[in-house]
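> quick one, structure for this:
(one chain, ligands or ions: 3)
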Amino acid sequence: MGSSGVAPPTVGPHLACIMDGNGRWAKRRGLPRTAGHTAGEEALAMTVRNAAQRGVGWLTVFGFSTENWVRPASEVRHILDLHRKLFGRIKDLNDNNVRVNWIGRPFDEPGSRTPNAIQKAIAQAIDDTKHNTGMMLTVAFDYGSRAEITRAARRAAEHNEPISVATLAAELYDSRLPPVDLLVRTSGESRISNFLLWQSTSARVYFTDCSWPDFDAQQLDQALALLRRSPA
Ligand code: IPE
Ligand code: IPE
Ligand code: MG
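Ligands and ions are numbered 1, 2, ... in the order given. Here you go, the predicted structure:
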């Protein structure tokens, strides 16, 4: 789905976010984990606006991993509903000139677990925002880097291509994604958790104790400040 058609934005850094800590945020408040996810979706909507207004060219967020399906069914359902909410924020996205994009296990391939309703919401959001020319918001849903890279190698082999950096890069879920400039993970964990491993080889990495639902404009500015530091 990712590689269809429209020209990518040419300016602005690529920011990738592992949005972690929703459950702990809720627990600290005596709330169910689902309340943390609800607050996390709002933080994401705000971060999309803030990032677009700060000239970020590409924002790629980890919405749901290939490993997250083992969570309790009620929590998974709630997270899926929140993705529908996110993909339905069309006015907000258009007001900020943001294009929606998605990466994850392709719907028609073995192993894909994305329910129909989410597939439709993703397709609709991509279509409803395809004329925008600003920031590209890529939501990683049912995404894992190992699945992505393994599939890329399989496809290169099937196409009788030599295995090289260039041929694998061309077979990733969305070959338009530029290298990640800044990778952020919230909530105190210093792990990458199978996110954009190929694309993040030269990324700066920013770990913060801030929980994702508390990730606001000030937090974003602190993270983006890393990009202004000169190389060591
Ligand atoms: C991140 O928050 C959201 C998803 C993984 C979908 P968590 O749900 O992982 O929250 P913690 O890490 O348990 O606090
Ligand atoms: C990473 O968070 C996945 C998403 C943010 C969607 P997790 O909370 O699932 O990661 P681990 O398993 O604790 O590393
Ligand atoms: Mg977590």
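> which ones are touching residue 179?
Listed by Cβ atoms under 8 Å, 6 or more residues apart in numbering, the contact partners of residue 179 are 14, 199-203. Where C-beta positions appear, they are placed from N, C-alpha and C, glycine not excepted.
> got the confidence number for residue 69?
Listed pLDDT for residue 69 reads 98.
> nearest residue to it other than its sequence neighbours?
residue 113 (5.9 Å; Cβ to Cβ, 6 or more residues apart in numbering).
> same question, residue 49
Nearest to residue 49 is residue 96, by Cβ to Cβ, 6+ apart, at 5.5 Å.
> wait, a helix at residue 97?
No: when classified by DSSP: H, G, I helix; E, B strand; the rest coil, residue 97 is found to be coil rather than part of a helix.
> near ligand 1, which residues of this structure are found?
Residues of the chain lying near ligand 1 by Cβ under 6 Å from any ligand atom: 19-24, 64, 68, 79, 187.
> go through these and flag which are in helices.
In helices, judged by DSSP state H, the following of the residues of the chain next to ligand 1 are found: 22-24, 79.
> most neighbours, which of those?
residue 22 (26 neighbours; other Cβ atoms under 10 Å).
> ok, the residue nearest to residue 49 - how many residues close by?
That count, for residue 96 with other Cβ under 10 Å as the rule, works out to 19.
> report whether stretch 46-53 contacts ligand 2.
No: Stretch 46-53 stays clear of ligand 2 (Cβ under 6 Å from any ligand atom), getting no nearer than 13.3 Å.
> I'd like the average pLDDT over that stretch.
98.
> swap in stretch 129-147?
On average, stretch 129-147 scores 98.
> buried stuff in that stretch?
Within stretch 129-147, the residues scored as buried using 16 or more other Cβ atoms under 10 Å are 129, 132, 134-145, 147.
> now stretch 173-180
Quick answer for stretch 173-180 (16+ other Cβ under 10 Å): 173-174, 176-178, 180.
> what about residue 101, which SS state?
Applying three-state DSSP: residue 101 is strand.
> wait, doesn't it sit right on residue 135?
No: Residue 101 lies out of contact with residue 135 (Cβ atoms under 8 Å); the separation is 10.3 Å.
> which ones are touching residue 211?
Contacts of residue 211 (Cβ under 8 Å, 6+ apart): 20-22, 24-25, 36, 186-187.
> make CSV from those and add pLDDT and distance to residue 52 to it.
Compiled in CSV, the contacts of residue 211 are given as follows (pLDDT from 0 to 100; distance: Cβ to Cβ, whole Å):
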residue, pLDDT, distance to residue 52
20, 98, 22
21, 98, 23
22, 98, 22
24, 98, 28
25, 98, 24
36, 98, 25
186, 98, 19
187, 98, 24
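> farthest-separated two in those residues?
36 and 186 (11.8 Å; Cβ to Cβ).
> name the residues contacting each of the two.
Contacts common to residue 36 and residue 186, judged by Cβ under 8 Å, 6+ apart, are 21, 211.
> what distance do you get for whatever residue of the chain ends up closest to ligand 1 to residue 200?
Proximity of the chain to ligand 1 (Cβ to the nearest ligand atom) peaks at residue 23, 2.9 Å away. As for residue 23, its distance to residue 200 is 24 Å (criterion: Cβ to Cβ, to the nearest Å).
> then residue 186?
Distance from residue 186 to residue 200, by Cβ to Cβ: 16 Å.
> which one's more surrounded, the two?
Ranked by neighbour count (other Cβ under 10 Å), residue 186 and residue 200 place residue 186 first, with 26 against 20.
> is it true that the more buried one touches residue 25?
No: Residue 186 is beyond contact range of residue 25, at 9.5 Å (criterion: Cβ under 8 Å).
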